[in-house]
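**Student:** Provided below for reference: sequence and predicted model.
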Amino acid sequence: MKIGILLTGHAPDALIDATGDYDAFFERLLGRQNFEFATYAVVDGQFPDSAGAADGWLITGSRHGAYEDHPWIPPLEALIREIRDQGQPLIGVCFGHQIIAQALGGKVEKFKGGWAVGPTEYDLDGECVTVNAWHQDQVTALPEGARVLGSNAFCQNAMVAYGDTIWTIQAHPEYDNTFIEGLIRTRGRGVIPDTVLNDATRRLDTALDSPAIAEQMVEFYKKARA
């Protein structure tokens, strides 16, 4: 199965040599499933010819806001709708979660409650799971037909499904605690309140449920293409 990764941002320059770019994170997260991957750096204007260029799709995180005026956002939204209309499986993570909601008629805003950073607990279908978060923007209004799968008190629309072919998550199952520590050093200080960053740093020994989320993502792709 060929997964097209729509790259909507780049890892920090200070970390990318050690970690690879954001597409590499997902190849590591999902790569043991014999998937083939193709990356399209839409943030740099590189788009596939059509939704048929891959069997399934994944939209990464980004430091940009879905509501910001960038020339690559309208064509990305059009591609999202094309993928939906063709019934292909699509996963969105953080920014991907947000831009999918916006493209389908929802609303994304800078959350007045502030930032979520580091290991964060969510209620996923009645089960508590812990995944790393790094966001202030949130989906504050869902498109028609969307259903919430996971949430917490801070982020009500944390995991969302649209029919059987689109699945999105606000958190970052692809981030381990070491990378969060790197983000705190390279992108956090001076942007996010120190109290939030210090609290996240204290929690960086927390065990994560990212492997379980990755398994759900793999099963989603396989089931949607069955």
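**Tutor:** Received it, and whenever you're ready, just let me know what you need. This structure is a prediction, so every number in the text was calculated from the model and none was measured. Residues are numbered from 1 along each chain as shown.

**Student:** low-scoring pLDDT stretches of the protein, where are they?
**Tutor:** Scanning the chain with the threshold set as pLDDT under 70 gives 32, 225-226.

**Student:** one more time with 80
**Tutor:** Flagging of the chain using pLDDT under 80 yields the residue ranges 31-33, 224-226.

**Student:** all strands of it, in order?
**Tutor:** Secondary structure of the chain, counting by DSSP state E: strands at 2-6, 36-40, 56-59, 90-93, 107-110, 116-124, 127-135, 137-141, 146-151, 159-162, 166-169.

**Student:** each with direction, which strands does the first one pair with?
**Tutor:** According to DSSP bridges, strand 2-6 has the following sheet partners: strand 36-40 (parallel), strand 56-59 (parallel).

**Student:** residues in contact with the most centrally placed residue in the chain?
**Tutor:** The residue lying closest to the centre of the chain (C-alpha atoms, centre = their mean) is Val93, at 1.1 Å. Residues in contact with Val93, defined by C-beta atoms under 8 Å, 6 or more residues apart in numbering, are 26, 58-61, 168-169, 171-174. All C-beta spots, glycine's among them, are computed from the backbone N, C-alpha and C.

**Student:** which one of these is nearest Phe111?
**Tutor:** The closest of those to Phe111 turns out to be Ala171 (C-beta to C-beta; 14.0 Å).

**Student:** I'd say the closest one and Thr130 touch.
**Tutor:** No: the criterion here is C-beta atoms under 8 Å, and Ala171 misses it with Thr130 at 9.2 Å.

**Student:** so what sits against both of these two?
**Tutor:** 120, 122.

**Student:** give me the more crowded residue out of those two.
**Tutor:** Neighbours of Ala171 and Thr130, each counted by other C-beta atoms under 10 Å, are more numerous for Ala171; the result is 29 against 19.

**Student:** what's around Gly45, how many residues?
**Tutor:** 11.

**Student:** for it, which non-adjacent residue is closest in space?
**Tutor:** Nearest non-adjacent residue to Gly45, counting by C-beta to C-beta, 6 or more residues apart in numbering: Trp72, 5.7 Å away.

**Student:** that neighbour reaches Val43, doesn't it?
**Tutor:** Yes: applying C-beta under 8 Å, one finds Trp72 in contact with Val43, separated by 6.1 Å.

**Student:** what about those two, which has more around it?
**Tutor:** Using other C-beta under 10 Å as the criterion, Trp72 and Val43 rank with Val43 on top: 21 against 17.

**Student:** and the nearest residue to that one once chain neighbours are set aside, how many neighbours?
**Tutor:** Nearest residue to Val43 in three dimensions, chain neighbours excluded: Thr8, at 5.1 Å (C-beta to C-beta, 6+ apart). Thr8 has 29 neighbours, counted by other C-beta under 10 Å.
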